[in-house]
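*Asks:* sequence? don't have it. structure:
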């Protein structure tokens, strides 16, 4: 349990000795904090790196690990801030970093922020993967944006990505919340077409959509 404290102490010793850590050391230090979900100390480390070691600029891996620690601790605002800082530093964010930030927003009930990040990702020509699309659909579900959820699902299939049960369930749930029974039934048929096995929660959502839709 004292690994992150020892790591922190060693970095302070390097700082006092005017030694500049390599990117590998920086990323390893961040990974230790991530492992123990020490997001506050992780952010302190990032600030230390930027302030004391200008030649050791944290890279995309660093920011991804930091954002992941914040996401695991339900700190969506910090996760977004890290992504924004990386962009400002002219770092080209990868799909993993966006996935982490979007998932953090979904967990924090910030569906508008999640969809905004998803839109930014598309603008910078990054292709969303199944994880990204599933998180975006979950955001649509929370925001009752059933049409947008269907658009994301359609875009997945056009891109050759195969939706999973979780993705389809989230899309059906978005339709159910808006009483879109026809879309829900159509999605159930799509699941069978994709050889996906509907769960009890799947049928419950479809039945509820039919009830709400009259």
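*Replies:* That came through fine. Just so we're clear, the structure is a prediction, and the values are computed from it rather than from any experiment.
*Asks:* quick one: low-confidence ranges for the protein?
*Replies:* 1-2, 4, 34, 36-63, 69, 72-74, 85-91, 214 (pLDDT under 70).
*Asks:* what about 90?
*Replies:* For the chain, residues meeting the criterion pLDDT under 90 lie at 1-114, 116-117, 119-127, 159, 162, 194, 213-214.
*Asks:* Residue 144 against residue 178, yeah?
*Replies:* Yes - counting by C-beta atoms under 8 Å, residue 144 touches residue 178, with 5.7 Å between them. Placement of C-beta: from N, CA and C, glycine included.
*Asks:* Neighbour count for those two, which is higher?
*Replies:* Taking neighbours as other C-beta atoms under 10 Å, residue 144 and residue 178 compare with residue 178 leading, 18 against 14.
*Asks:* State the distance from the more buried one to residue 148.
*Replies:* Using C-beta to C-beta, to the nearest Å, residue 178 is found at 11 Å from residue 148.
*Asks:* Run through the helices of this protein in chain order.
*Replies:* In chain order, the chain shows helices spanning 3-16, 23-35, 39-52, 60-72, 76-88, 95-107, 111-123, 130-142, 146-158, 165-177, 181-193, 200-213, with DSSP state H as the criterion.
*Asks:* any chance of those helices in JSON lines, plus mean neighbour count?
*Replies:* Shown next, in JSON lines, are those (neighbours: other C-beta atoms under 10 Å):
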{"stretch": "helix 3-16", "mean neighbour count": "14"}
{"stretch": "helix 23-35", "mean neighbour count": "18"}
{"stretch": "helix 39-52", "mean neighbour count": "17"}
{"stretch": "helix 60-72", "mean neighbour count": "24"}
{"stretch": "helix 76-88", "mean neighbour count": "20"}
{"stretch": "helix 95-107", "mean neighbour count": "25"}
{"stretch": "helix 111-123", "mean neighbour count": "18"}
{"stretch": "helix 130-142", "mean neighbour count": "25"}
{"stretch": "helix 146-158", "mean neighbour count": "18"}
{"stretch": "helix 165-177", "mean neighbour count": "24"}
{"stretch": "helix 181-193", "mean neighbour count": "17"}
{"stretch": "helix 200-213", "mean neighbour count": "16"}
